[in-house]
Structure formats: structure tokens, C-alpha cells
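Visitor: Using only what follows, build the 3D model:
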Amino acid sequence: MTRQMALVGFLQAQNCTNLPSSWRHPESRDDSMSADYYQEIARILEAGKFHMAFFDDRLAMPDRYGNDHAHTVEYGIRCVKMDPLIVLTTMGMVTTKLGLGSTCSTTYYEPFDVARRFATLDLMSGGRAGWNVVTSLNDGEAHNMGKDAHLEHDFRYDRADEFMEVVLGHWDTWEDGSLIMDKKSGRFADPAKVKRLDHKGQFFKSRGPFTVPRSEQGYPVIIQAGASGRGQRFAGRWGEVIFTAARNVAAAKEGYAAVRNEAAKAGRDPDQMFLCNLTTPVCGATKAEAEDKMAVINKLPLEIDALSLLAEALNFDFAAKPLDEPLTSEELKSMQGILGIRDGVLRASAKTNPSARDFVTFSGRGQVQDAIVGGPKEIADKLEEMFVERGCDGFVIAATIVPGSYADFVKHVVPELQRRGLFHKDYAGKTLRDNLGLKRPAAGAWKTRPQTAAE
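Guide: The predicted structure is shown next:
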């Protein structure tokens, strides 16, 4: 079959989208704390045959800028953060094919807890769950979860590798065919097919037995978005859907090849993973209509949005010095979190010691400078180019107006992609793995990968 795109809707269980100013748009719904808000989005995405609705998440509101939350609350910069798994459950109730993906941190939860939550969602949705594996970002999250400081970047990934082994180990312990359900004999399941894990490692201990049987798709799809070198190694070892954020085809191709190479080194089939690039389309029936929409959107962001999100993402207080004063090499080295942002600013600014203003200008954080603006043809052309040139296998579609951005994309762009044969016209099956074309994993298959691959 001809290669086709994967499409993911990028969501937040909060008062705004990944664009913090989206709530300010006059056409955005203002009831983002209601089930109906997310259920409308779910219906739109499923009508557009999207593979998955995906929720990013943090365990704290942005408060690293000035080490205070006042600006976050005042300007609505992601100050509301609900539990995305519960929100996804409400979306699953009004859909039958749409995948349901959520972020959950390996740094602040226990493996058994995460394994049980996502295995339960997988059963309740008929095999549509996906887990985005993150190691979290900053001290605000640490403080909320009872810790004094956030763990060092590479160390978090070392722990996360073992975390994955525990979660996958638990998901493997109920064999297919374990359930008997014989009322006459009174036998519910075959104890010979349900094992204890008895994991004792460097970072974690978890005994079992696990309490949730395998789902129709085996276990949830593993999602990852590591951008640093260590993050790419982790993604190559574990990820099945990989989120990327390249701004042009050349950068996308470089990252695409790097992650697939890491997967190959880990003993995996690179074709059994999908790299989906973050994209913000502003769509209209015509290019002129889209440009009018973009003119309104461009008025929404404030400088404080970018500074707040940069401080959050890099665990660094950008209020600690004047906006135009260069950051020292020591300050740059001290940054944690999404180090790909820092490295991207260093490259794009061509400065060894950029200022906070340079970070605002070159990071795109809190802004919409990378939006693709146009009618069906213009946007489809851009997506087709990156897809055909092997910069990605699909796209994570971000919104500037909720739910209008998703509705516009489904109305204007999806039919054009389908007309070109770049996107499916209907779902291939019932589970997320069916619809992505991922094989149902055999129990223990992940153990065959070289364990040194991501060290």
C-alpha cells in the first residue's frame, strides 16, 4: 500500500492550547473545564479520521519566571492543568476509533501505577490508548510532588529506561488466553498464565502480580518526544510514535534519520515507528481567508507568554537579569528540561551567549511564527513536501482557536490530502495499532533489544 500520513491532534487539558494565548481568541470556547469542550474536539478529530488525540501535560503551572505564579494566573498562561487521562476517558465515550494518548511522567509516578492506569484506559477504550513517556521538566513539578529539586537530565533518562522495563514487564505478565470465565467450574483465569514480575533493579522494585489483563491491541502504544541526544536514544529504544518539532525540511530529515538510526541500533525495525512533526496550520477556504485569520491570531501573544514558557521548559529564571544582557556560559549550561530549545536558539541566533530576548525571538515559544497559513492547496503542499522528503511520517496538528482550528483543518485540508492519496479515507481497524499499522506486540518481544542501546 502507498505510504500515508499519520495525523495526531495536539491537545492540552487546560485553559489554552500549546499556544498560551489561544484562550484570548474571540472564537475560542471558554468552557475548557467541561467535558463537552473536549468531546466536541474528539468528534471533530474522528470525523477527520485522525489517528489520535494526544494530551501534553505538566505537573505544575509555569512559575519559574521570577519564581512566582502571579503572572501565570493573571494572563492565563497554562494556569489550569487537569488530569488528561480522565479527560481522555470522556472523549473515548463519544468516539469508537480515535486513539487516546496522554503524557505521564516517569520521574514522579511509580511504574505499577502508570502501567495500571494506561492498561485500564486501553481496555475501556477497546485498545485505543497511547502513553507519552516523559521525564518532566522543572523544579516546580518537583516541589508539587514532594521533592526539593528536579533530577538531572541524563539521570532522569537512565531511570526512565528501567521504568519502561518495569511497565512493559507488568503488561506482559497476563498472557493471551489467560481468561477462562467458566461459571460452571468457577474458574475465572488460568493461574499458569499470570506471572509475578518480581523486579528488583537499580531504581525500582515492583513485585506484582499485575492486576489488568492485556487489551485487544496487546498494550498501549508508546509515544516519545525526546529532542536531545540522550532523548533521541531513549526514543529510538522505546518509542512507537515519536513527536518532533523541526521547522524546515532539512532539519526534519536530519532528525528523522537520527531517530531511525537509534531504533536500528536498538535492534528495532525503524518502519515500526512513526515520526510526527508538530505543525500549526491556519486554514481557510482560500489563502486570503487564512491570512485574515492569522492577522487576528498574531495579536494574541504577549512577551510574558514566551518568557514564562521558556523559564518553565528550561528550568531557568529568565527574570534574573535584564532582557538584553547576554547569558553566561555557566547559565546556559545550568539549563535543564527541553534542552533542544536551548540548542536550537544557539544555532538560530549564531551567538555563543544569547540574551533572554534572543530566546524569545529564536525559540518560537509562546508564539505562532512557524504557522503554515493558507487554503487547502498551500497547506497540503507544505505537508506533502515534508512527508515525501522523509522529514516525517505524519503531523501533530496544533490549534490556535479551539475547536475552530481542528474543524478548519478537517473541513479544508483533510479532503485535499485524501484526494492526493496522502491520507487514509477511513480507519483500518478498531485499535490504535490497527490504524497506525503497528504490529500487535508479543509478550516479551521488547526484551530482545540490546540493553546497551540507550545507555
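Visitor: buried residues in the helix or strand of the chain at the bottom of the mean pLDDT ranking?
Guide: When the helices and strands of the chain are scored by mean pLDDT, DSSP states H and E, helix 139-144 comes last with a mean of 84. Buried residues in helix 139-144, counted by 16 or more other Cβ atoms under 10 Å: 139, 140, 141, 142. C-beta: built from backbone N, CA, C; applies to glycine.
Visitor: residue contacts, the nearest residue to the last one once chain neighbours are set aside?
Guide: Pointing back at residue 142 there. Spatial nearest neighbour of residue 142, chain neighbours left out: residue 150 (4.4 Å); criterion: Cβ to Cβ, 6 or more residues apart in numbering. By Cβ atoms under 8 Å, 6 or more residues apart in numbering, residue 150 lies in contact with 107, 136, 137, 138, 139, 141, 142, 315, 336, 337.
Visitor: Go through this protein and flag its longest helix.
Guide: helix 153-172 (DSSP state H).
Visitor: Next secondary structure after that helix?
Guide: strand 179-182 (DSSP states H and E).
Visitor: can you count the residues close to residue 175?
Guide: 17 (other Cβ atoms under 10 Å).
Visitor: May I have the phi/psi pair for it?
Guide: As for residue 175, its main-chain torsions (degrees, to the nearest 10) stand at phi -70, psi 160.
Visitor: Correct me if wrong: it contacts residue 193.
Guide: Yes - under the criterion of Cβ atoms under 8 Å, residue 175 makes contact with residue 193 at 4.0 Å.
Visitor: which residue ranges form the strands in the stretch 51-200 of the chain?
Guide: Using DSSP state E, counting those that start in this stretch, the strands of the stretch 51-200 of the chain run over residues 52-56, 99-105, 129-134, 179-182, 187-189, 199-200.
Visitor: Just send those strands back as TSV, with mean pLDDT and distance to residue 31 too.
Guide: Output for the strands of the stretch 51-200 of the chain, formatted as TSV (pLDDT from 0 to 100; distance: least, Cβ to Cβ, whole Å):
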stretch	mean pLDDT	distance to residue 31
strand 52-56	96	17
strand 99-105	96	21
strand 129-134	96	25
strand 179-182	96	41
strand 187-189	97	43
strand 199-200	97	43
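Visitor: could those strands be laid out in JSON lines, adding distance to residue 380?
Guide: Shown next, in JSON lines, are the strands of the stretch 51-200 of the chain (distance: least, Cβ to Cβ, whole Å):
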{"stretch": "strand 52-56", "distance to residue 380": "20"}
{"stretch": "strand 99-105", "distance to residue 380": "23"}
{"stretch": "strand 129-134", "distance to residue 380": "26"}
{"stretch": "strand 179-182", "distance to residue 380": "46"}
{"stretch": "strand 187-189", "distance to residue 380": "50"}
{"stretch": "strand 199-200", "distance to residue 380": "48"}
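Visitor: Walk me through the domains of this structure.
Guide: Split into domains by the TED database, the chain comes to 6-296+370-436, 302-363.
Visitor: between the longest helix of the chain and strand 99-105, how many degrees?
Guide: Helix 153-172 and strand 99-105 are oriented at 130 degrees to each other (axes from the mean of the first three to the mean of the last three Cα atoms, to 10 degrees).
Visitor: So for helix 153-172, mean pLDDT?
Guide: Across helix 153-172, the average pLDDT comes to 93.
Visitor: buried residues in that helix?
Guide: 153, 156-172.
Visitor: Now do the helices in the stretch 301-450 of the chain.
Guide: 303-314, 329-334, 339-349, 356-363, 376-388, 404-408, 414-419, 432-436 (DSSP state H, counting those that start in this stretch).
Visitor: Near the nearest residue to residue 125 once chain neighbours are set aside, how many other residues are there?
Guide: Among residues not flanking residue 125 along the chain, residue 92 sits closest, at 4.4 Å (Cβ to Cβ, 6+ apart). Counted with other Cβ under 10 Å, residues neighbouring residue 92 total 21.
Visitor: go on, residue 429?
Guide: 14.
Visitor: From residue 209, how far off is it?
Guide: From residue 429 across to residue 209, the span is 30 Å (Cβ to Cβ, to the nearest Å).
Visitor: So, low pLDDT: which residues of the protein?
Guide: Regions of the chain meeting the criterion pLDDT under 70 cover residues 1, 448-455.
Visitor: which residues in the stretch 201-350 of the chain form strands?
Guide: 205-206, 221-224, 241-244, 274-279, 281-283.
Visitor: related to what we said a few turns ago, dump the domains of the chain into TSV; add distance to residue 447 as well.
Guide: Converted to TSV, those look like this (distance: least, Cβ to Cβ, whole Å):
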stretch	distance to residue 447
domain 6-296+370-436	8
domain 302-363	30
